[in-house]
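Visitor: sequence unknown, structure follows:
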C-alpha cells in the first residue's frame, strides 16, 4: 500500500486514480529497491510508514498511490517534447539572424591568427599604452603575451582574445541601447529586470543546453550566443544605473537651456554616465572570458580547450598552466580597462 492511498480513498478519488500506480517503466530507485528485496510477497500488506518518515507529497509519491497523476519525469519529458516541437520553426527564424555572428567570429579568428606574433604583440602593447598611458599596465601586457608565447600558449591566448573581442563588441552594441531605453522607461525597466536576473543567476552550463539542440556544435554562433547572453547583463544594468544617477539639477539646467530629449541624452546624460558604462564594459569583458572557458565544451577554441584537455586526460600541468594563462589574460584585460576608465574620469573632471 502506497503512503497516500488512504488520502485518495478518503477523497473518493479511487476510481479516478485507476487503482494504483501506472504500469510504465520503473525509476532507478524502484529497480534498486526490487533488486535489494524491497518488495513484499504477493498478498502481503506493506508495513505502515512511520510518521517521521512520511515522504513529501511529490508527483512520484502521489503517482504510487494514484496512477492518474503524472510522475516528475513525465513533466520533464513534456518540456522536452514541447521544445522539440518548436525547434524547427525557431531554427528557421534564428538561423538567418544569428548567421552573421558565425561569420564575425570566424573572420576574427582568421584575422587574429593571420597577423604574425612580431606584429601582434607590439600592436597590443601599443594599444595598451595609448589607452591607459600607464607604464605598469603596458609592461604587464608585454610580459603576459611574451610569457604565453614562450611556453607555446600564444595561439590559444590569441584565439581566446579574438572571441572576447567580437562578443564584447556585440554585447556592448546591444546592451547600451537596452540600458538607455530602460533608464527612460520605468515600465520597461520593471519588465527587463526579471530577465536580467534570470540570465545572471542561470548556471553557465545551462546556457548551452537549448543551444546545442538548436545549432550544430561546429557552428561558431553556438558558443557566441552563449557568451553574449551571459556577458551582456552588466553593461545593461550599469548603463541604466549610470543614466538614472545623473544629477537632477543638471537635467533641470539642460531643460532650462531648452535642450531636447536627444540633446540631453547625448550631450549630458551619456557623458556623465560614461564611467558607469565603462565599468559595465569591464565586467562584460570579464564575464565573456569566464564563459569562453565553459564554451570550450561546444567547440570554442582557445585556452579553454587546454583546460578541458587537462581535465579529460588527467594532465595536471596542462590544466594548471592553461588556467594561469587565463588568469593572466583576465588581469591584463581588467587592468587595461580600469586604467582607461580612470583616464575617462580624469578627463571629465578636467
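Guide: Ah, there it is. These numbers were taken from a predicted model, which means no experiment stands behind them. Numbers count the residues shown, from 1 in each chain.
Visitor: buried sites along stretch 301-320?
Guide: 301-308, 310, 318-319 (16 or more other C-beta atoms under 10 Å). To be clear about C-beta, it is placed using only N, CA and C from the backbone, and glycine gets the same treatment.
Visitor: Tell me the secondary structure of residue 3, please.
Guide: coil (DSSP: H, G, I helix; E, B strand; the rest coil).
Visitor: Count the residues that sit near it.
Guide: Residues contacting residue 3 under the criterion other C-beta atoms under 10 Å number 17.
Visitor: rewinding a little: now the buried residues of stretch 301-320 in TSV, with secondary structure?
Guide: Output for the buried residues of stretch 301-320, formatted as TSV (three-state DSSP):
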residue	secondary structure
301	coil
302	coil
303	helix
304	helix
305	helix
306	helix
307	helix
308	helix
310	helix
318	helix
319	helix
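Visitor: Mind picking the one among the residues you listed that's closest to residue 140?
Guide: residue 303 (17.5 Å; C-beta to C-beta).
Visitor: right, and that closest one touches residue 160 too?
Guide: Yes. Between residue 303 and residue 160 there is a contact at 4.9 Å, judged by C-beta atoms under 8 Å.
Visitor: Give me the common contacts of those two.
Guide: Shared contacts of residue 303 and residue 160 (C-beta atoms under 8 Å, 6 or more residues apart in numbering): 292, 326, 329.
Visitor: check contacts around residue 220.
Guide: Contacts of residue 220 (C-beta under 8 Å, 6+ apart): 101-102, 105-106.
Visitor: What segments of the stretch 101-250 of the chain are helices?
Guide: Under the criterion DSSP state H, counting those that start in this stretch, the stretch 101-250 of the chain carries helices at the ranges 117-132, 135-150, 154-183, 186-201, 204-214, 220-244, 248-256.
Visitor: Determine the set of other helices and strands touching the second one.
Guide: The contact analysis (3 or more C-beta pairs under 8 Å, 6 or more residues apart in numbering; DSSP states H and E) places helix 135-150 against helix 117-132, helix 154-183, helix 316-349.
Visitor: Run the chain-centre distance for it.
Guide: The chain centroid and the centroid of helix 135-150 are separated by 29 Å, computed with C-alpha atoms, centre = their mean, to the nearest Å.
Visitor: Would you reformat the shared contacts of residue 303 and residue 160 as TSV and include neighbour count, distance to residue 168 and pLDDT?
Guide: Formatted as TSV, the shared contacts of residue 303 and residue 160 follow (neighbours: other C-beta atoms under 10 Å; distance: C-beta to C-beta, whole Å; pLDDT from 0 to 100):
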residue	neighbour count	distance to residue 168	pLDDT
292	27	11	85
326	23	16	92
329	23	13	92
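Visitor: Show me which of the residues you listed is closest to residue 167.
Guide: residue 292 (8.1 Å).
Visitor: wait, doesn't the closest one sit right on residue 302?
Guide: Yes. In this structure, residue 292 is within contact of residue 302 by C-beta under 8 Å, at 5.9 Å.
Visitor: what sits in contact with each of these two?
Guide: 160, 163.
Visitor: quick one on the thing from earlier: okay, the helices and strands packed on helix 135-150, which one's buried deepest?
Guide: helix 154-183 (a mean of 21; mean count of other C-beta atoms under 10 Å).
Visitor: What is the least confident helix or strand in this protein?
Guide: helix 28-35 (a mean of 58; mean pLDDT, DSSP states H and E).
Visitor: how about the shared contacts of residue 303 and residue 160 in a markdown table, adding distance to residue 71?
Guide: Output for the shared contacts of residue 303 and residue 160, formatted as a markdown table (distance: C-beta to C-beta, whole Å):
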| residue | distance to residue 71 |
| --- | --- |
| 292 | 39 |
| 326 | 42 |
| 329 | 47 |
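Visitor: Looking at the residues you listed, which is nearest residue 207?
Guide: Relative to residue 207, and with distances defined as C-beta to C-beta, the nearest of the shared contacts of residue 303 and residue 160 is residue 292, at 12.3 Å.
Visitor: show me what contacts the closest one?
Guide: Residues near residue 292 by C-beta under 8 Å, 6+ apart: 160, 163-164, 223, 227, 300, 302-304.
Visitor: Kindly recompute the last result at 6 Å.
Guide: Residues in contact with residue 292 (C-beta atoms under 6 Å, 6 or more residues apart in numbering) are 160, 163, 300, 302, 304.
Visitor: In terms of model confidence, name the weakest of these.
Guide: Within the set of the contacts of residue 292, pLDDT is lowest for residue 300 (87).
Visitor: Was I right to think that one contacts residue 221?
Guide: No. Counting by C-beta atoms under 6 Å, residue 300 does not reach residue 221; the two are 11.1 Å apart.
Visitor: which residues are in contact with both of these two?
Guide: With C-beta under 6 Å, 6+ apart, residue 300 and residue 221 have no common neighbours.
Visitor: what ranges of the stretch 251-350 of the chain fall below the confidence cut-off?
Guide: 345-350 (pLDDT under 70).
Visitor: circling back: residue 146: which of the contacts of residue 292 is nearest?
Guide: Lowest distance from residue 146 to the contacts of residue 292 (C-beta to C-beta) belongs to residue 160, with 16.6 Å.
Visitor: Surely the closest one touches residue 304?
Guide: No. Using C-beta under 6 Å, residue 160 makes no contact with residue 304, being 7.1 Å away.
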